[in-house]
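Q: Below are the sequence and a predicted model; questions follow.
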Amino acid sequence: MAEPTDLFDDIPARLPDELVDVLAAHDSTSIQRIVSFGHASPAGFWYDQDRYEWVMIVSGAARLRFEGPERVVELGPGNWMVIPAHMRHRVEWTTPDQPTVWLVVFYDGGREA
């Protein structure tokens, strides 16, 4: 049996790049902790992923921009959403003065909330 761990363990005070930790994975499903500290997607960059993405903000805040139709979504602690496969999106902003901790599950197919 594995020992419990804490999502807030081992978060540096500052990060040059986002920190991505794979917490668990099996076949096409993975659960990740992502830590942002004022990070955003590079100018002109859009995510276009092959898998669905369930994303929740545990702490901090983020702003996501979606393409086609264009819309902006702001997320704070406890907010979650499903991003369908191939839904182009980018991270516009994350909290600059504290870590934004994301819990993310990537999976194939399934249900959109």
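A: Alright, I've got the coordinates. Numbers count the residues shown, from 1 in each chain.

Q: In three-state terms, how would G68 be classified?
A: On the three-state scheme (DSSP: H, G, I helix; E, B strand; the rest coil), G68 is labelled coil.

Q: show me the contacts for it.
A: Counting by CB atoms under 8 Å, 6 or more residues apart in numbering, G68 makes contact with R88. C-beta: built from backbone N, CA, C; applies to glycine.

Q: got the residue ranges for the strands in this protein?
A: With strands called from DSSP state E, the chain shows them at 19-26, 29-36, 52-59, 62-66, 71-75, 80-83, 89-94, 100-107.

Q: Out of those strands, the one nearest I11 is which?
A: Proximity to I11, assessed across the strands of the chain by CB to CB, is greatest for strand 29-36 (5.6 Å).

Q: Describe which strands that closest one pairs with in its sheet and in which direction.
A: strand 19-26 (antiparallel), strand 100-107 (antiparallel) (DSSP bridges).

Q: pLDDT (mean, whole number) over the first one?
A: Right, strand 19-26. Mean per-residue pLDDT for strand 19-26: 94.
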